[in-house]
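A.B. asks: predicted model and sequence below, questions to follow.
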Amino acid sequence: GVLPTGCNFTQTITMARFVSLAAVAAVLASSARGTVATPQAAACPTPTSFPWCDHTKTPEERAKLIVSNLTKDEKAGLFINTAQGVSRVNWPAYNWWSEALHGVARDGLATSFPQICGVAASYNQTLWNAIGEVTSTEGRGKNNNVGGGMYHGLTFWAPNVNIFRDPRWGRGEETPGEDPTINGNYAKQFVSGMQGDESSGFLKASACLKHYAAYNEETNRQSFPAVVTAQDMEDTFLPAFEAGVTEGKASGIMCSYNAETYGEGIYGPGSDAQHGAIPSCANKGILNDLARDKWGFNGYITSDCGAVSDVQNQHGYTPNTSTTVNAVFSAGMDTDCGGYMGSKAMTGLLDDPNIASLGDKALLHLFTVQFRLGWGTPDDVVPWATYNTSVVNTPAHQELALAAAEQSLVLLKNTKGAGQLPWSKEAVKKVAVIGRNADATQNMLGNYFGTPPYIVSPKDGLGKYASTSYADGSNIDASVKLVADVDAVVLVVGLFSEGEKPADEAEGHDRTSLLLPGNQNDLIAAVATAAAAAKKPVTVVTMGGGPVDVTNVKNNSAVQALIWCGYPGQSGGDAIANAIFGATNTFGKLTLTWYPQEFTSQVSIMDMGMRPNKTSGNPGRTYRFYTGTPVFKFGEGLSYTTFESKLHVPRTVDHATIHSECDRSILRKDTSVVASVDVAVKNTGAREGDEVVQVFVAPPNAGVDGTPLQWLVAFDRVKLAQGEQTTVTVDIKSHHFTFADADGQRTTQAGEWKMWIGADQTDLQTFTVV
């Protein structure tokens, strides 16, 4: 069963089955728990046990009541992630740190979805929301009995919506990609799915946007001063966080390790050595002023782990503990992941009336989120409090993980003729499966993963369609010998993440090269040459998060097909095999630019600039600014069928509305619809398939003086039978026709604009903003 594939899909049968299975699991969970109260419910044995136990009051009212009741010593133990319990008032200990990047992580058995770089390539917002929903269902089922243990809470530090600014970044795999529109939509969908419908009065789970804000390198990350322009902040680094707050209603934000030359702190700019950059967790300009006051953020702000200590000891922004705590509290941070603000330090600091007052504000934010999650409320009042492990690893969740993996694959090459995909089981009965990732298991989980019920390797998945022989590729001669006795070859190559050593891309480790590591290029060339001589087809599957320079593979006529699979999760091998043998045709498209190796010598990863710079040699980053020739373009991706797309755009768009809303600097979610665009899509090929519809625009001055070359304004995913046609209608809002000027202000331009479909600029149309 495949999850419905569009934002406005009409296929509901499979989703209905998914929902019904989840509902059954919830009923079973409710009946299985019995009458034992969860620790958080037991904090209030009766509604009158303490003043804050009256759950008819608002979470904010209840938080004020408990904070006003606590002593200084009791408060002192509440400002770190391992918050102490307060036995006098029956309040349980709690660890604010839990992980759920692509399924509940580091907490035992849980469904493991593909890493987010792959999930995003589906361009399926319905899927993104469903993954958030399932993740919080399993999080509730596993962690309802909170006990203060690590990774055993209901505040999950996901999603990561940082922009994948540089292809070498070691954690880019965690993000949806390089595009602010995609990352913002992902933030909205995942967070709303994770947190549930708060009209019930409660959060299902708390999602946390990270790492706020301009964080996208691992090299020296704890002391790194990000020299950023207001222009890049406005149109690149901030939009996804704004969407996560204003549209997703995220209840958590994590401030990052690094500092930024944007915003302000109570002690002014940072040191000259830091280029004036202000540590993110001490940056009032981006925390209180922007997130809380302008965007309306309602929740708690945590530091990244160790980042409060870094304010003093790595960035040198403050000289001692007192000034550091004052700086982060004043900025808007509420809790320290680490020990810097532990009870020993805070007991003395809370004697300072200013810090005590700021600390109370922080505690109000923290307790409010706990009350929103159902603390101090009877379990039968909180919709999800009765969930237990029976809602974990259900058949519906397994189906969703497979569907996600299938929609995450991107077909980048498929040469017509003998050997092109898909293969038939009748013609291909024996397959050589070769490469460092051919028998991958844990590596398919990427990073921040849990313990899946099973992991299907590429070799095992292909083994369900054909008999297989295997080599890990370390010995090229041995690998070549396998070609003689098979009908076809699948090379599964790529990168290693957190689960394999040595990790090529991981937290704390950026890449220095975009080439396939080790002997992999030589392996591919040798095996492909042997296969060509024997007239046997070769498919290359590359696994990994960050883009790789696969120019040699792209240009090698002995390689018929190339698939990128990201880190595809517990069902990755099945998804790869299903695609290769044609059981599915649900490919996605790239959310990243795949750069050539020469990019690494043109610009340092430490250079934060998005726009091309002739002085520094920076050729620009991402499809919006890159002036070079990519190996594969953002938005590329093929299918086993063909589609014809026609764009219908208005002849004119109202400049006055766009300009007026720029001047008023209103939130993106509040801008007006200024154009409605229809995209007619027809499946003109020989089989059913999924098409990703992408709508791009370019202004009259594209590429001039920092103006983007192009940008994505809308996307959707549709499933069409052979010969079927549909129309996708998208509303384009005024902010989609704006870009940031050198001062970081939104601006627009009257004149002739361009709009088209897809990476190849299908059906390019012009219209006038007048």
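C.D. replies: Ah, there it is.
A.B. asks: doesn't Phe449 make contact with Leu109?
C.D. replies: No - taking C-beta atoms under 8 Å as the definition, Leu109 is not a contact partner of Phe449, at 11.8 Å. For every residue, glycine as well, the C-beta is placed using N, CA and C.
A.B. asks: for Asn447, helix, strand, or coil?
C.D. replies: Asn447 carries the three-state label coil when classified by DSSP: H, G, I helix; E, B strand; the rest coil.
A.B. asks: next, count neighbours for it.
C.D. replies: 22 (other C-beta atoms under 10 Å).
A.B. asks: residue ranges in the stretch 1-150 of the chain under the pLDDT threshold?
C.D. replies: Applying pLDDT under 70 to the stretch 1-150 of the chain flags the ranges 1-35.
A.B. asks: where exactly do the helices run in it?
C.D. replies: With DSSP state H, counting those that start in this stretch as the criterion, the stretch 1-150 of the chain has helices at 13-33, 39-42, 59-69, 72-76, 116-121, 125-143.
A.B. asks: residues making contact with the second one?
C.D. replies: Helix 39-42 is touched from outside by 90, 92, 145-147, 370, 373-379, 382, 385, with contacts defined as C-beta atoms under 8 Å, 6 or more residues apart in numbering.
A.B. asks: mind doing that once more with 7 Å?
C.D. replies: Outside helix 39-42, the residues that touch it by C-beta atoms under 7 Å, 6 or more residues apart in numbering are 92, 145-147, 374-379, 385.
A.B. asks: would you reformat those residues as JSON lines and include neighbour count?
C.D. replies: As requested, these are exported to JSON lines (neighbours: other C-beta atoms under 10 Å):
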{"residue": "Pro92", "neighbour count": "21"}
{"residue": "Asn145", "neighbour count": "14"}
{"residue": "Val146", "neighbour count": "21"}
{"residue": "Gly147", "neighbour count": "15"}
{"residue": "Gly374", "neighbour count": "27"}
{"residue": "Trp375", "neighbour count": "28"}
{"residue": "Gly376", "neighbour count": "27"}
{"residue": "Thr377", "neighbour count": "26"}
{"residue": "Pro378", "neighbour count": "18"}
{"residue": "Asp379", "neighbour count": "19"}
{"residue": "Ala385", "neighbour count": "21"}
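A.B. asks: most widely separated two among those?
C.D. replies: Of all pairs drawn from those, the one with the largest separation by C-beta to C-beta is Gly147 and Pro378; the distance is 18.9 Å.
A.B. asks: go ahead and confirm Arg171 touches Arg221.
C.D. replies: No - counting by C-beta atoms under 7 Å, no contact exists between Arg171 and Arg221, whose distance comes to 9.3 Å.
A.B. asks: which of the two has more residues huddled nearby?
C.D. replies: For Arg171 versus Arg221, the count of surrounding residues by other C-beta under 10 Å is larger for Arg171: 27 against 23.
A.B. asks: from Val692, how far off is the more buried one?
C.D. replies: With distances defined as C-beta to C-beta, to the nearest Å, the gap from Arg171 to Val692 amounts to 25 Å.
A.B. asks: kindly report the same for Lys429.
C.D. replies: If you go by C-beta to C-beta, the gap between Lys429 and Val692 works out to 33 Å.
A.B. asks: compare neighbour counts for those two and give me the winner.
C.D. replies: Val692 (25 against 13).
A.B. asks: where does that one sit: helix, strand or coil?
C.D. replies: Note that with three-state DSSP, the state of Val692 is strand.
A.B. asks: now swap in Val681 and tell me
C.D. replies: Per three-state DSSP, Val681 ends up strand.
A.B. asks: how about the strands of the stretch 151-300 of the chain, start to end?
C.D. replies: The residue ranges that make up the strands of the stretch 151-300 of the chain, judged by DSSP state E, counting those that start in this stretch, are 155-156, 206-212, 225-226, 252-255, 259-260, 278-279, 300-303.
A.B. asks: and these as CSV, adding mean pLDDT and mean neighbour count?
C.D. replies: As requested, those are arranged in CSV below (pLDDT from 0 to 100; neighbours: other C-beta atoms under 10 Å):
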stretch, mean pLDDT, mean neighbour count
strand 155-156, 98, 28
strand 206-212, 98, 28
strand 225-226, 98, 24
strand 252-255, 99, 27
strand 259-260, 98, 30
strand 278-279, 98, 31
strand 300-303, 99, 27
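A.B. asks: pretty sure Lys413 sits in a strand.
C.D. replies: Yes - under three-state DSSP, Lys413 sits within a strand.
A.B. asks: how close does it get to Trp564?
C.D. replies: When C-beta to C-beta is the yardstick, Lys413 and Trp564 sit 10 Å from each other.
A.B. asks: who has more neighbours, those two?
C.D. replies: Neighbour tally, Lys413 and Trp564, criterion other C-beta under 10 Å: the higher count belongs to Trp564, 29 against 20.
A.B. asks: who's the closest spatial neighbour of that one, skipping the chain neighbours?
C.D. replies: For Trp564, ignoring the flanking residues on the chain, the nearest one in space by C-beta to C-beta, 6 or more residues apart in numbering is Val410 at 4.6 Å.
A.B. asks: same thing with Leu411?
C.D. replies: Leu638 (4.2 Å).
A.B. asks: what's the neighbour count on that neighbour?
C.D. replies: For Leu638, the number of neighbouring residues by other C-beta under 10 Å comes to 17.
A.B. asks: list the contacts for it?
C.D. replies: When the contact criterion is C-beta under 7 Å, 6+ apart, the partners of Leu638 are 411-412, 414, 587.
A.B. asks: and with 10 Å instead?
C.D. replies: Taking C-beta atoms under 10 Å, 6 or more residues apart in numbering as the definition of contact, the neighbours of Leu638 are 410-414, 421, 561-563, 587, 589.
A.B. asks: got it, and Gly544?
C.D. replies: With C-beta under 10 Å, 6+ apart as the criterion, the residues that contact Gly544 are 115, 117-118, 172-173, 437, 443, 446, 493-497, 504-505, 511, 516-517, 564-567.
A.B. asks: what's the distance between the residue nearest to Ser665 when sequence neighbours are not counted and Asp663?
C.D. replies: Sequence neighbours aside, Arg746 is the residue nearest to Ser665 in space, at 7.0 Å (criterion: C-beta to C-beta, 6+ apart). Using C-beta to C-beta, one gets 9 Å for the distance from Arg746 to Asp663.
A.B. asks: which one's more surrounded, these two?
C.D. replies: Remark: of Arg746 and Asp663, Arg746 carries more neighbours, 23 against 11, as counted by other C-beta under 10 Å.
A.B. asks: and Gly103, how many neighbours does it have?
C.D. replies: Applying other C-beta under 10 Å, we find 28 residues neighbouring Gly103.
A.B. asks: isn't it up against Tyr567?
C.D. replies: No - with contact taken as C-beta atoms under 10 Å, Gly103 and Tyr567 are classed as non-touching, separated by 12.0 Å.
A.B. asks: how about the strands of the stretch 151-300 of the chain in a markdown table, adding distance to Gly617?
C.D. replies: A markdown table is the format used below for the strands of the stretch 151-300 of the chain (distance: least, C-beta to C-beta, whole Å):
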| stretch | distance to Gly617 |
| --- | --- |
| strand 155-156 | 41 |
| strand 206-212 | 28 |
| strand 225-226 | 19 |
| strand 252-255 | 32 |
| strand 259-260 | 23 |
| strand 278-279 | 28 |
| strand 300-303 | 35 |
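A.B. asks: which one of the ones you listed lies nearest to Gly723?
C.D. replies: Relative to Gly723, the nearest member of the strands of the stretch 151-300 of the chain by C-beta to C-beta is strand 206-212, separated by 41.3 Å.
A.B. asks: give me the nearest residue to Arg292, chain neighbours excluded.
C.D. replies: With C-beta to C-beta, 6+ apart as the measure, Gly332 is the residue that lies nearest to Arg292, at 5.9 Å, once sequence neighbours are left out.
A.B. asks: quick revisit: which pLDDT value does the model give the residue nearest to Trp564?
C.D. replies: At Val410, the predicted lDDT confidence score is 99.
A.B. asks: for it, grab phi and psi.
C.D. replies: In this entry, Val410 is assigned phi and psi values of phi -130, psi 120 (degrees, to the nearest 10).
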